Each structure stands twice: as structure tokens, then as C-alpha cells.
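Undergrad: kindly generate the corresponding structure for this input.
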Amino acid sequence: MKNYKILVIALVALFVSSCDIEEINPNLSNESAYKSLSDARSSLDGLYSGLVDHSYLGSQFYYLNCLGSGFGVTKRGGNKQDSADNSTLCSLKPPNSATYVENTWNGCYTVVARANDAIASVKTFENPMSEDELGFNDVAGNAYFIRAFTYFNLVRFWGEIPLRLVPVTKETIHLAKSSVDDVYAQIISDLEMAAELMSESPRVGYPKKYAANMLLAKVYMTLAGNDNASAYWQMAYDEAIKVYGNYTLVSDYASLFNELAGQANSTESIFEIQSSVGASFDHVRAFTPSWYTKASTFGWFKVNAEVYDLHNATYPGDQRISATYISTWVQQNNQNTFSSYPSVSRSNFAKGFPFLVKLGSKNIENDIREGNQNAIVFRYSDLLLMLAEISNELQNGDQLGYVNEVLSRAGLFPHAGYSGDQAAFREAIMMEYQFELLMEGQDWFTNRRRGYDWFLNHVILPHNNYVDFKSNIGITLETDEATVMLVPFPASEINANQEISE
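TA: Prediction:
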């Protein structure tokens, strides 16, 4: 059990959706909730608890992000290729009334509402002198950071969205959409404030200020898109380089995802959300392969065969493969061995794909469907790959060094693609995100960040034209740009928000 946990507490009331109820603290007024540093930190824990919620990073965000990326299918809904989610989400055409769409939207706006309360209520200090003043600033900085993080998720999923920046009242409960440009401007402003206010040496379990710099670099990379001459690449570099050297890679890649390894809040973790039994993510139940442990779990995530094949062909024997995919295990309910691709041929849907093992429990003795494994949202290897990609666009000569840092941990060397020209390096580094970070909650965004043509030609068509595609096993990804690049606006928000019609 961890010593430092961000627990789900009753201090902050649940904001059901952006248009349902006013965020009201049932126990304390906002002023009282942030009056003392102890109270302010407790309220911050309430804010973080919204991230752990099932509707957000606890489950639904990962389900929408990972399976809507083009990289996977699911056994949810019957373990068949024509299930509701395989026919929609995994085929890149989710409906606007799907539970994972509605829940992720509501989970995000719950967190936005709590962040707005904190930002409006906590006092900050321009020149902090005492530990308390530094502490108050850190609380406020975390609130700005979480609001920016959540709006960054929202705008990339949905495009134009309501931009709520103050606590909701009955008079402001209905709010029109803001432009994408306005949302990004607010995200940048929030992250600049977060980097100024957050601590360089916070309490264990909370992010350092460098997490804001890393997120801001991601924002600028997204704004650069596929414009290789964009000024945003230099802006991204200026933020990312501030993070470089303040963290180190752990020696064992697999330990990052192993609840038995004691790797919580490791030297590689830049933004890690705390969990505990009783206040946990739903990852053990949802994402542990069925009967891999003694607990009855769902094993919802399967990885498309071409994704595995590309990784294995690029880096045969890569230790990251066994930490990410699993295709053979002894079922703990009956001691029978289950095998799927690539351990056996692709004969049917049930056995046609490797399962994801990264996010679930690796302890076969585990007999409960919840756990205390944290979720690492940003880690240092991601930052190194970002610097490699940015450096390649800037042609500053440093790109290969950053790649080497990541690959050497796995005992690997850069493959031939890294030795080519700028375009070849670009292709290689975008694949490296896939190998290093698969299903860690960024695939949807990374695959679309360089625009529709990139997504079409590097994810959608390689899947649809896969050499071992079988019509009785695989699904065909949608190709229509208007359908695949954004998640449809939630039906509940359209129905409830009088300022939004579609």
C-alpha cells in the first residue's frame, strides 16, 4: 500500500455534467475550503479524485482514446467482430450517444468545474516567502495544470467546446461553444501560470512544475501539426528542453507497469496519478486479460495484428513487446492455457489478436478486481521522443541522441530509418511513439496530430490493407475525414445546453 495517495473524498461535490447542476460544496464554502493550506491541499485532492473517476482516466477516457486510435479492437459486447463497439468506436465512427463518449465528456467537465473552484478560491502570492505561501501557490498551479490538461483533451477530441473558466451558476449554466483558437489560447495561458506557480520539489505523488512545461510543449507540437516549417516547433523545443535532465529513465521498462515492482512515482514519472484500493482506477477489472489473474476480469483491449507485427519486425526481441502484448497464459479459473495471435494462427476473432497486458494486473495471484496501481500519464521517455521529433523538424543535430537514450534502455539501437533524411527520421520517430507508449492514453491524439493525410496513410490504410486481413476476423476502419478526425458531440450536451444545437 502506498504512503502517499490522492483519495476520493467528499469535500467537493460531483459536477454531473457541464449543463446539469451547479458545482456546490456540501461541506464548506469555497472560501473555507481554501482558507488554510491543509484545507486547500485536501480540496486539491478532491480535484485529483475527479481524474481517477471511472468516467475519466479511471476507465472511459482510455477506452475511447485507445480503441478509437485505430490500433485495437475489443471483446466487450460479445467477443465478436460485429459487436457494437467494434462496429463503431474501433472502426473510427463512434456514435454521439455512446457511454464512453458521454462519460468522458462528463468526467472532463467534472474536473474542469473543480479546477475552476480552486482557481477562483485559492490565494496566490507574487513573491512567496513562507512555506505556506509556496504551498498555496502550488495548489493553484496544480489547478491551472489540471484544467489545461483536461481542456487539451477536450479540444482534441471534440474541437469547438464550451470554455468554462469560472464556477458555474444558474445564470451561466448554458454556454455556447468557443472557437478552437480560443480554447488553445486559454490552455497556453493556464500552463504558463501553472509553470510559474507549481513547485520544483512538491510533495511525493504530485507533479513538479516541469509537467506544465512538457504539456505546453505537447500543445505547441499539436499546433504545429504537419507544417514542418511552423514556428511552433521552436516554441515546443523551448518548453521541452526545460524538462530535459530533471528526470531519468528507470532501468527496467516492464517495471513501470508492474504493481508488484514498487515503481510508483519513479524517477521516470513526470505526471502520475495516484490510486489506492477503494479509490482506484478501473484498469484491473477492465484491462487485465480474462482470467490472467484469479480475479474475474474483462480483458477489453486487443491490439490489431499489424500493430504487433510492425513492432516485432522493427525490433525483434524488444523487451517492450512482452511488457505490452500477451498472447498465451494459463487461465486461473480452470488452469487451461489460452493462446491467441501471434502464438497461434488467426483462425477466428477470439484468437485473432494479441491482448494488451500493460494497463492491467500482472499478479496472477490477484483475486480482486480493483488495485492500487497508479496511472502514469506523462513519463520521461515520452519527453525524449518529443525532443527527438522536434529536433528533427528544427534540424539542430540532436535528434538521434534523444532516440538513443530511449532505445538503449531496451538494449536496442536505432534502426535504419533513423539514418535517412529528415522525412525518413520523421516516419521512424512517429512509429517509436507507438512502440514505446502504446495504449498509454495518447494514441488517439498522436495518430491524428499531423493531420488527416498522415492518419489515413500511416494508420487507417495500413490496417485496411494488412496482408493478413481476414474478413471473418478484422474490422475495416472508416476513411471519411469528417468522421474520423473528431469524436461526435455528446447527445446529452446537445439536449441539455440551450446554447448548443449540434
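
Undergrad: CA only for contacts and neighbour counts going forward, please
TA: OK.

Undergrad: now do the strands in the chain.
TA: Under the criterion DSSP state E, strands of the chain are mapped to 72-74, 161-162, 177-178, 269-273, 301-303, 325-326, 328-330, 337-339, 355-356, 375-379.

Undergrad: now for the ones you listed, which one comes closest to Ser471?
TA: Nearest to Ser471 among those is strand 72-74 (14.2 Å), distances taken as CA to CA.

Undergrad: picking up where we left off before, and among the strands of the chain, the most buried is which?
TA: Of all the strands of the chain, strand 72-74 carries the top mean neighbour count, a mean of 28, counting by mean count of other CA atoms under 10 Å.

Undergrad: identify the residues contacting that strand?
TA: Residues outside strand 72-74 that contact it (CA atoms under 8 Å, 6 or more residues apart in numbering) are 66-67, 85-86, 90, 300-304.

Undergrad: buried sites along stretch 215-231?
TA: Residues of stretch 215-231 classed as buried by neighbour count (16 or more other CA atoms under 10 Å): 215-224, 226, 230.

Undergrad: actually stretch 268-284, sorry about that
TA: For stretch 268-284, by 16+ other CA under 10 Å, it's 268-276, 279-284.

Undergrad: redo the strands of the chain as TSV? Include distance to Ala236.
TA: Listed next are the strands of the chain as TSV, based on distance: least, CA to CA, whole Å:
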stretch	distance to Ala236
strand 72-74	30
strand 161-162	24
strand 177-178	24
strand 269-273	17
strand 301-303	31
strand 325-326	32
strand 328-330	41
strand 337-339	44
strand 355-356	31
strand 375-379	16
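
Undergrad: tell me where the model's unsure across the chain.
TA: By pLDDT under 70, the low-scoring segments of the chain are 1-31, 261-263, 276-280.

Undergrad: tell me the centre residue of it?
TA: Gly441 (2.9 Å; CA atoms, centre = their mean).

Undergrad: what sits against the nearest residue to that residue once chain neighbours are set aside?
TA: Among residues not flanking Gly441 along the chain, Tyr62 sits closest, at 5.4 Å (CA to CA, 6 or more residues apart in numbering). Neighbouring residues of Tyr62 by CA under 8 Å, 6+ apart: 56, 439-441.

Undergrad: one more: Tyr100?
TA: 55, 60-61, 63-64.

Undergrad: change it to 7 Å
TA: 60, 64 (CA atoms under 7 Å, 6 or more residues apart in numbering).

Undergrad: what of Gln373?
TA: Per CA under 7 Å, 6+ apart, neighbours of Gln373: 259, 275.

Undergrad: over to it: give its phi and psi.
TA: Note on Gln373: its backbone torsions stand at phi -80, psi 130 [degrees, to the nearest 10].

Undergrad: what about His463, how many neighbours?
TA: For His463, the neighbour count with other CA atoms under 10 Å is 23.

Undergrad: how close does it get to Asp398?
TA: Distance, His463 to Asp398, by CA to CA, to the nearest Å: 32 Å.

Undergrad: ok, Asp421 next?
TA: From Asp421 across to Asp398, the span is 14 Å (CA to CA).

Undergrad: the more surrounded of these two?
TA: Just comparing Asp421 and Asp398: by other CA under 10 Å the higher neighbour count belongs to Asp398, 15 against 10.

Undergrad: list the contacts of the closest residue to the more buried one other than its chain neighbours.
TA: Nearest in space to Asp398, with sequence neighbours left out and distances taken as CA to CA, 6+ apart, is Ser391 at 6.1 Å. Counting by CA under 7 Å, 6+ apart, Ser391 touches 397-399.

Undergrad: you'd agree the residue nearest to the centre of the chain is up against Cys66?
TA: Yes. With contact defined as CA atoms under 7 Å, Gly441 reaches Cys66; the gap is 6.1 Å.

Undergrad: what touches both of those two?
TA: Joint contacts of Gly441 and Cys66 (CA under 7 Å, 6+ apart) do not exist.

Undergrad: Ile146 and Ile119, how far apart?
TA: The spacing between Ile146 and Ile119, counted by CA to CA, is 11 Å.

Undergrad: just the closest of the contacts of Ser391 to Val166, please.
TA: Closest to Val166 out of the contacts of Ser391 is Gln399 (41.4 Å), distances taken as CA to CA.

Undergrad: can I assume the closest one is in contact with Met386?
TA: No. Using CA under 7 Å, Gln399 is not in contact with Met386; the gap is 9.4 Å.

Undergrad: quick one, which of the two is more surrounded?
TA: In this view Gln399 and Met386 are compared by other CA under 10 Å, and Met386 has more residues nearby, 26 against 23.

Undergrad: next up, the contacts around that one.
TA: Met386 neighbours (CA under 7 Å, 6+ apart): none.

Undergrad: go again using 10 Å as the cut-off
TA: 214, 217-218, 221, 236-237, 240-241, 380, 392, 399, 402-403, 429-430, 433 (CA atoms under 10 Å, 6 or more residues apart in numbering).

Undergrad: with Val112 instead?
TA: Counting by CA under 10 Å, 6+ apart, Val112 has contacts 15, 18, 47, 50, 106, 118, 143-144, 146-151, 163-167.

Undergrad: same thing but at 8 Å, please
TA: Taking CA under 8 Å, 6+ apart, we find Val112 in contact with 146-147, 150-151, 164.
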